[in-house]
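Engineer: When you get a sec, could you give me coordinates for this:
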Amino acid sequence: MTRLPRIGRRTFTIWLGAAGGAVVLGCSSKDAAAAKRTPTSLPPLDSVKLTTDRTIVPTKVRASTLDARSPLVPADRKSMLADGFSEYSFGAGEPVVARMPDGSAALASGKNAARLVRFVHLTDIHVADDESPARLEAFDGGPPFDGSARPQQAYMGWILNAAVRSINAVHAADPVDFALVGGDLTDSAQKNEMTWALGVLSGTGTVTCDSGEANDPVRGPGNDPKDPFVLNGLAMPWLFSTGNHDTLLMGISAITDQAVQNAMGDDSKGGTTDWSESGGVVVKGTVAADSERQPLKRDEMLALIAADADSHGLHNTQLDGKSDYVMDIDGTNLRFIAYDTACEGGGADGIVRKSDVNAYLKPALDKAKADGKWVVLVSHHPLGSIGDGSSGTAADKADAMALTDVQALFLSYTNIVFAITGHTHRNIVSWIGPDPTQGFWEVQTSSLVEFPNQMRIIEISDEDNGYLSAQLVGLEFSTDGDAVSEQGRKLAILDYVSGWGTDGTGQLADRNVKLYIKKPA
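Structural biologist: Numbering: from 1, shown residues only. Got it, this is the predicted structure:
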């Protein structure tokens, strides 16, 4: 049993974990060159605005068809910027919409209503080494092919740091117990991508999100995404769930020995970014090799994470060797059960393996029921993105549990109240169940990498009226004093407005919302 440090009001007990191991953390091999440049140091933020206070509103309406200009082509991007595609203003905040499973009005809270836990869900961050020869940037297109490349992808290390500063400011005003990092922390499962991300989240020294030859496309500190910056680190524990991009090349292709050699090599066949000049140009052919670009298989990736700080939920060796853990919120009846849905064999869809259900998931659910716990499920993939394993290997398909059976399994446990997921890059809230009297709420949070580039503050409460609630409020990263993250935000807005990027906003009732569910007996 491992106890996380006390942060704010709570301690947490994690009693199941995944594979651990000792791997020395380090930054890019280009840090020696970066060390000669002055890293940008950003102080803690005094405060941030939640989306109940204000929202970011693009000045231009999103294009209904794909703009003919590509955001990846510097000349096209310059033209789009001149046309105002990246401009925005601050609009009014949005209300919190109350939702009961049957659509009725919410009951008034009892006099002893109490918050049980407060945490942040940030997911689909996609810290990317956009200079890797393993990239497929020549295949970029509008949705559903927008994941091949994004104009803001090089900025995601800086943007993640801006998110950390923003979360810490929220925490300073009202304690956040922990952060759930919901998967796709990296874009292509590379060692350098995860090393950068770990540094940003845990706050160890400086990071330079650069690979191959050292780049400084705009001379001077703090003015381009290849500049080094000082890390803030989260002021609370954070927990990791594996996404398909954390186990597969570009989130779709299995990591083979040949793929590892190609990524560390010097030949780009699918298109990668050349940052030897300002703006970055997509190129093919010979590029600078870099061994830090090594793609990591699941056990290697989990070992890297487990070796960091408090191991982020990956404390112990578990039968399935995945990012599975069970966490109790001490002093409450809440129990978080995380299960790994990534399919190493290939494909973006998730997988729930029969072998994992038998060895880990069902026993964990059975114990929670026996212990009288209210269960919050945690995974990268929502139920609608669980596949049959056919995109992976024959063994994956043979071991895959059918979606209908997964849903039936969960619905057989009446103590499951909420499920926290990502993957779709959209704000979506769904009732999972045959009717309003049986089921649970599934929450999908939009990505940090694509507009609206948000996280969620989630507060679970006992309403003292026979109901539990989960209040979800959006949090946008602040760019105060941070010119590089502001550049990244504007490029994400450009990507969205031009039609090349995903629209992750969701409906009003999917964004700021308070979900009610009857308290399990």
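
Engineer: switch to C-alpha atoms for all contacts and neighbour counts from now on
Structural biologist: OK.

Engineer: which residues of the chain score low on pLDDT?
Structural biologist: For the chain, applying pLDDT under 70 flags the ranges 1-35, 315-320.

Engineer: Longest helix of it, counting residues only.
Structural biologist: If you go by DSSP state H, the chain has its longest helix at helix 156-173.

Engineer: hmm, who's touching that one?
Structural biologist: 44-48, 120, 125-128, 176, 196-197, 200-201, 209, 225, 229, 231-235, 448-449, 476-479, 482, 484-485, 488-489 (CA atoms under 8 Å, 6 or more residues apart in numbering).

Engineer: Name the next helix or strand downstream of it, please.
Structural biologist: Next along the chain after helix 156-173, taking DSSP states H and E as the criterion, comes strand 178-181.

Engineer: what inclination does the next helix or strand after that following strand have with respect to helix 156-173?
Structural biologist: Using DSSP H and E, the next helix or strand after strand 178-181 towards the C-terminus is helix 191-202. Per axes from the mean of the first three to the mean of the last three CA atoms, to 10 degrees, the angle that helix 191-202 makes with helix 156-173 is 20 degrees.

Engineer: Helix 191-202: what's the following helix or strand?
Structural biologist: That would be, after helix 191-202 and using DSSP H and E, strand 206-207.

Engineer: Just give the nearest non-adjacent residue to the residue nearest the centre of the chain, would you?
Structural biologist: By CA atoms, centre = their mean, the chain has its centre lying nearest to Thr123, at 1.8 Å. In this structure, Thr123 finds its nearest non-sequential neighbour in Gly182, 4.4 Å apart by CA to CA, 6 or more residues apart in numbering.

Engineer: how near is Thr286 to Asn262?
Structural biologist: Separation of Thr286 from Asn262 (CA to CA, to the nearest Å): 12 Å.

Engineer: Neighbour count: those two, which is higher?
Structural biologist: Asn262 (20 against 12; other CA atoms under 10 Å).

Engineer: Now do the buried residues in the helix or strand hosting the more buried one.
Structural biologist: Element membership for Asn262 (DSSP H and E) is helix 257-264. For helix 257-264, the neighbour count (16 or more other CA atoms under 10 Å) marks 259-260, 262-264 as buried.

Engineer: thinking again about what came up before, what about the residue nearest to Thr123, how many neighbours?
Structural biologist: If we define neighbours as other CA under 10 Å, then Gly182 has 27 of them.

Engineer: Is it correct that it is in contact with Thr421?
Structural biologist: Yes. Contact criterion CA atoms under 8 Å: Gly182 and Thr421 qualify, at 6.7 Å.

Engineer: hey, what's in contact with both of the two?
Structural biologist: With CA under 8 Å, 6+ apart as the test, Gly182 and Thr421 both reach 378-380.

Engineer: Next step: the residues you listed restricted to helices.
Structural biologist: Assigned to helices by DSSP H, none of the shared contacts of Gly182 and Thr421 qualify.

Engineer: Sort out which one of these lies nearest Gly279 for me.
Structural biologist: Lowest distance from Gly279 to the shared contacts of Gly182 and Thr421 (CA to CA) belongs to His380, with 32.5 Å.

Engineer: Report the contact partners of the closest one.
Structural biologist: 182-183, 241-243, 340-342, 421-423.

Engineer: cutoff 7 Å now
Structural biologist: Going by CA atoms under 7 Å, 6 or more residues apart in numbering, His380 touches 182-183, 241-243, 341, 421-423.

Engineer: go on, Pro95?
Structural biologist: 52, 512.

Engineer: Report the secondary structure state of it.
Structural biologist: coil (DSSP: H, G, I helix; E, B strand; the rest coil).

Engineer: what's the answer for Val61, then?
Structural biologist: coil.

Engineer: Measure how buried it is and give me the count.
Structural biologist: Val61, neighbours per other CA under 10 Å, totals 11.

Engineer: isn't it right up against Val497?
Structural biologist: Yes. Under the criterion of CA atoms under 7 Å, Val61 makes contact with Val497 at 6.4 Å.

Engineer: so Leu491 is in which element?
Structural biologist: helix 483-497.

Engineer: same for that helix, what does it pack against?
Structural biologist: helix 156-173 (3 or more CA pairs under 7 Å, 6 or more residues apart in numbering; DSSP states H and E).

Engineer: Taking their axis directions, the helix it packs on and helix 483-497 sit at what angle?
Structural biologist: 110 degrees.

Engineer: Please export the alpha-carbon coordinates of helix 156-173; CSV is fine.
Structural biologist: Provided in CSV are the C-alpha atoms of helix 156-173 (Å, rounded to 0.1, in the frame of the first residue of the first chain):
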residue,chain,number,x,y,z
MET,A,156,2.8,21.6,-26.8
GLY,A,157,5.7,21.5,-24.3
TRP,A,158,5.2,25.2,-23.6
ILE,A,159,1.4,24.9,-23.6
LEU,A,160,1.6,22.0,-21.1
ASN,A,161,3.8,24.2,-18.9
ALA,A,162,1.2,27.0,-19.2
ALA,A,163,-1.5,24.5,-18.2
VAL,A,164,0.6,23.5,-15.1
ARG,A,165,0.9,27.2,-14.1
SER,A,166,-2.9,27.6,-14.6
ILE,A,167,-3.7,24.5,-12.5
ASN,A,168,-1.3,25.7,-9.8
ALA,A,169,-3.1,29.0,-9.7
VAL,A,170,-6.5,27.3,-9.3
HIS,A,171,-5.0,25.1,-6.5
ALA,A,172,-3.6,28.2,-4.7
ALA,A,173,-7.2,29.7,-4.6
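
Engineer: buried ones in stretch 39-52?
Structural biologist: For stretch 39-52, by 16+ other CA under 10 Å, it's 39-40, 42, 45, 47-51.

Engineer: coming back round to it: relative to Gly501, which of the buried residues of helix 257-264 is nearest.
Structural biologist: Using CA to CA, the buried residues of helix 257-264 come closest to Gly501 at Ala263, 25.4 Å.

Engineer: With adjacent residues omitted, what lies nearest to the closest one?
Structural biologist: Ala134 (4.9 Å).

Engineer: measure that neighbour to Gly243 for me?
Structural biologist: Distance of Ala134 to Gly243, given as CA to CA: 18 Å.

Engineer: just Asp299 next, same as before
Structural biologist: Distance from Asp299 to Gly243, by CA to CA: 13 Å.

Engineer: higher neighbour count, those two?
Structural biologist: Gly243 (32 against 17).

Engineer: Could you find the closest non-adjacent residue to that one?
Structural biologist: Gly183 (4.1 Å).

Engineer: Just the element for the residue sitting furthest away from the middle of the chain, please.
Structural biologist: What lies farthest from the middle of the chain is Lys111; by CA atoms, centre = their mean that is 36.3 Å. Using DSSP H and E, Lys111 is not contained in any helix or strand.

Engineer: quick one: secondary structure of the closest residue to it other than its chain neighbours?
Structural biologist: Setting aside the residues directly before and after it, Lys111 is nearest to Asp464 in space (CA to CA, 6+ apart), at 7.0 Å. Following three-state DSSP, Asp464 is assigned to coil.

Engineer: What is the neighbour count of Asp464?
Structural biologist: Neighbour count for Asp464, taken as other CA under 10 Å: 15.

Engineer: what does the one 3 residues further on give?
Structural biologist: Neighbouring residues of Tyr467 were enumerated by other CA under 10 Å; the total is 20.
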